[in-house]
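J.: 3D, please:
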Amino acid sequence: MSSKRPARFGPFHRRTHIDPKENAKVATSKQVWGRRAGNVYAGLRPAVKAWNGPLPEGIVGFEFYTDVEPDPGHAPDWPKWTEGRAGVLAVEGGEAVAISVIVTKRQDVDG
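T.: Coordinates of the predicted model:
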């Protein structure tokens, strides 16, 4: 395996067992989208959220690299990219944001 990185930051991964179609959407668009968090970690601004590190074996999701630096001061192992930062694109009338990515690994529901 090459040690050459396809982009400046990564690897990161998203787990997509809730919406397995997200893998195909990201592979086609080369963008990862995010919205406002609506749970206990609710936020005021939309953000792309991910996990640090490579996609674990057996987990449905995708691994990616990006040239967009994660927000400073994010929770450990939970990088995010918030609306208003360089490289973070506002989409859907500001209801969501997106970053450009290079997908390096994909694990779909059917293997």
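J.: CA only for contacts and neighbour counts going forward, please
T.: Will do.
J.: which ones are touching P6?
T.: With contacts taken as CA atoms under 8 Å, 6 or more residues apart in numbering, P6 has the following neighbours: 65, 102.
J.: That one: helix or strand, and which one exactly?
T.: Secondary structure assignment for P6, by DSSP states H and E: no helix or strand.
J.: And for D19?
T.: D19 belongs to no helix or strand, assigned by DSSP H and E.
J.: neighbours around it, how many?
T.: 10 (other CA atoms under 10 Å).
J.: contacting residues for it?
T.: D19 touches nothing, counting by CA under 8 Å, 6+ apart.
J.: ok, now how distant is it from Q107?
T.: For D19, the distance to Q107 (CA to CA, to the nearest Å) stands at 13 Å.
J.: repeat for S29
T.: From S29 over to Q107 (counting by CA to CA), the distance is 17 Å.
J.: Which of those two has more residues huddled nearby?
T.: Neighbours were counted for S29 and for Q107 using other CA under 10 Å; Q107 has more, 19 against 10.
J.: State the pLDDT value of that one.
T.: Note for Q107: predicted pLDDT of 94.
J.: Report the separation between P20 and P46.
T.: Taking CA to CA, one finds P20 at 21 Å from P46.
J.: Between the two, which has more neighbouring residues?
T.: Remark: of P20 and P46, P46 carries more neighbours, 24 against 16, as counted by other CA under 10 Å.
J.: Could you list the buried residues of stretch 23-42?
T.: 23, 26-27, 30-36 (16 or more other CA atoms under 10 Å).
J.: gap between it and the chain center?
T.: Averaging C-alpha positions (CA atoms, centre = their mean, to the nearest Å) puts stretch 23-42 6 Å from its chain's average.
J.: And stretch 35-54, by the same measure?
T.: In terms of CA atoms, centre = their mean, the centre of stretch 35-54 is set 10 Å apart from its chain centre.
J.: backbone phi and psi for V26, please?
T.: phi -70, psi -40 (degrees, to the nearest 10).
J.: Bridged to the nearest residue to it once chain neighbours are set aside, which residues?
T.: Sequence neighbours aside, V32 is the residue nearest to V26 in space, at 6.0 Å (criterion: CA to CA, 6 or more residues apart in numbering). Beta bridges link V32 to I99, judged by DSSP bridges.
J.: All set now, cheers.
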